[in-house]
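In: 3D, please:
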Amino acid sequence: MTKAEFVEKLAEATKTTKKQAEQMFFTFVETIHASLQKAERIFIPGLGTFSSVQRKARTGRNPRTGATIKIPARKAVKFSVSSTLSASVNGKKKTSAKPAAAGKAVRTKPKAKKAAVKPKKK
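Out: Alright, predicted model coming up:
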């Protein structure tokens, strides 16, 4: 999907003009840029998390010549997809219902007691 197609769908969904939808899109993108420049995390429920990470300086190798080169330290943008989006892309249903007790399985029937097994005498 291109930006123009996205803006068109956004305009239809919000019942606004394409120009207003394009302005919303640019504002959204600019807000993400500004937040990442300040090293803030952006969490968008149902989509994922944008964050900036610091990469260390390191040595690398030129694959063509085999010469060792220095790669300087830099900031990079990292995106972690949400489990909801990942599940929908993979065709699985992701429920938002929370379990009754955190980390504990919910039992519907009481557990049956096992009879003690006695060893056979010879």
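
In: Can you give the domain ranges for this structure?
Out: As given by automatic domain parsing, the domain ranges for the chain are 1-38, 43-62+69-89.

In: List the buried residues in the shortest one.
Out: Think domain 1-38. Across domain 1-38, burial judged by 16 or more other C-beta atoms under 10 Å covers 7, 10, 11, 21, 22, 36. Yep, even glycine has a C-beta here, placed from its N, CA and C like the rest.

In: end-to-end on it?
Out: End-to-end span of domain 1-38 (C-alpha to C-alpha, to the nearest Å): 29 Å.

In: What would stretch 3-10 look like as PDB? C-alpha coordinates only.
Out: The C-alpha coordinates for stretch 3-10 follow below in PDB (Å, rounded to 0.1, in the frame of the first residue of the first chain):
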ATOM      1  CA  LYS A   3       1.000   6.600   1.100                       C
ATOM      2  CA  ALA A   4      -1.600   7.900  -1.400                       C
ATOM      3  CA  GLU A   5      -3.700   4.700  -0.900                       C
ATOM      4  CA  PHE A   6      -3.300   4.900   2.800                       C
ATOM      5  CA  VAL A   7      -4.400   8.600   2.900                       C
ATOM      6  CA  GLU A   8      -7.400   7.700   0.700                       C
ATOM      7  CA  LYS A   9      -8.500   4.900   3.100                       C
ATOM      8  CA  LEU A  10      -7.900   7.200   6.100                       C
END
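
In: Rounded mean pLDDT for it, please.
Out: Averaging pLDDT along stretch 3-10 yields 94.

In: who touches residue 44 in this structure?
Out: Applying C-beta atoms under 8 Å, 6 or more residues apart in numbering, we find residue 44 in contact with 50, 82.

In: tell me the pLDDT at it?
Out: Confidence at residue 44, expressed as pLDDT, is 92.

In: before we move on, what about residue 65?
Out: In this model, residue 65 is scored at 93, pLDDT.

In: before we move on, what about the one 5 residues further on?
Out: At residue 70, the model reports a pLDDT of 95.

In: my guess is it meets residue 56, correct?
Out: No - using C-beta atoms under 8 Å as the test, residue 70 is too far from residue 56 to be in contact (11.7 Å).
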